[in-house]
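Asker: Got a predicted structure here, sequence first:
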Amino acid sequence: MKKVCIIGVSGKLGILMAQHALARGYAVRGLCRAGSAEKLSGLEGSVEIVTGDTSDPDTIRTTVAGCDGVLTVLVPWGTDGMATRTARAVLDHADQGARLVFSTGWHATRDARDRYPLAERLKTSLIGAAVRVLRLADINDHKRAARLVYQSDRDWTVVRCSDIEEGPSEGLPIWAPHVGDPRLAANRTRRTDFALFMVHALTDRALHQQAPAIVSRARVPATAGARPTQLA
């Protein structure tokens, strides 16, 4: 892994991924909207910045060219399928052989083995309805984007993060293949550790075509007997 592209580099997660990728010695190219580029002043000179529509196929095609890995922040802003367009463009245009890592949340169901507590289902349903009515975001778009990736034969990983909180790193999160594993019950991950796991996934072959559900390693009971990065 030499060169990494980050789609959506100017958001909180994108900036943290850039920092972690640079710490690993990767060359980093990032795509963001022109109006957001000023958020990257702290990375000036370290990251190659491309500005444009982060869901436009032509913009993504030129941005990901020549990159060994692509880290994509799937964002469902608005109600016009932004996350699905972004996922499709990355799958269609990333170099053959590139590692493709996408971010989403636990709500992006992998299969019937995911189990969601009633409270989690109600929370997701209520929040999803509210943001859609306000035309702020569409959680169903997030789910459609994830399903599109799941159906691909590319070298992908979809990282499904638990509820996010801010704070210093607690280390590389641990993961399980499915939501509902009792050892994920804490449902909390630091944002910086979400970013750390995304970058880690670029080189962890155990995550090939997996949709890991992640949680902070500091929140897993010692009795769980977890392996360093995987619960199951």
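Answerer: Good, I have the coordinates. Source: prediction; values computed, not measured. Numbering: from 1, shown residues only.
Asker: residues of stretch 186-200 that come out buried?
Answerer: 187-200 (16 or more other C-beta atoms under 10 Å). No exception for glycine: its C-beta is placed from N, CA and C like everyone else's.
Asker: Leu126 and Val133, how far apart?
Answerer: The gap separating Leu126 from Val133 is 11 Å, by C-beta to C-beta, to the nearest Å.
Asker: what number of residues lie near the residue nearest to Ser46 when sequence neighbours are not counted?
Answerer: Once flanking residues are discounted, Ser46 sits nearest to Leu22: 5.7 Å by C-beta to C-beta, 6 or more residues apart in numbering. A total of 16 residues lie near Leu22 under the criterion other C-beta atoms under 10 Å.
Asker: So which residues make contact with the helix or strand where Leu22 lies?
Answerer: Assigned by DSSP states H and E, Leu22 falls within helix 12-23. The contact list for helix 12-23, computed with C-beta atoms under 8 Å, 6 or more residues apart in numbering, reads 4, 6, 8-9, 28, 30, 32, 39-40, 42-43, 46-47, 71, 73, 103, 191-192, 194-196, 198-199.
Asker: now the residue most central in space within the chain, what's its secondary structure?
Answerer: The residue lying closest to the centre of the chain (C-alpha atoms, centre = their mean) is Ser103, at 1.4 Å. The three-state label given to Ser103 by DSSP: H, G, I helix; E, B strand; the rest coil is strand.
Asker: for it, which residues make a bridge with it?
Answerer: For Ser103, the beta-bridge partners under DSSP bridges are Val73, Val159.
Asker: who's in contact with it?
Answerer: Per C-beta under 8 Å, 6+ apart, neighbours of Ser103: 13, 71-74, 158-159, 161, 194, 198.
Asker: same check, this time on Arg99
Answerer: Arg99 touches 1, 68-70, 155, 157, 201-203, counting by C-beta under 8 Å, 6+ apart.
Asker: Which member of those is positioned nearest Arg144?
Answerer: Thr157 (18.0 Å; C-beta to C-beta).
Asker: pLDDT wise, what is that closest one at?
Answerer: Model confidence at Thr157, given as pLDDT, is 98.
Asker: got a list of what it touches?
Answerer: Counted by C-beta under 8 Å, 6+ apart, Thr157 has contacts 99-102, 201, 207-212.
Asker: With pLDDT as new columns, can those residues be given to me in TSV?
Answerer: Below are those laid out as TSV (pLDDT from 0 to 100):
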residue	pLDDT
Arg99	98
Leu100	98
Val101	98
Phe102	98
Ala201	98
Leu207	97
His208	97
Gln209	97
Gln210	97
Ala211	97
Pro212	97
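Asker: Right, I'll leave it there.
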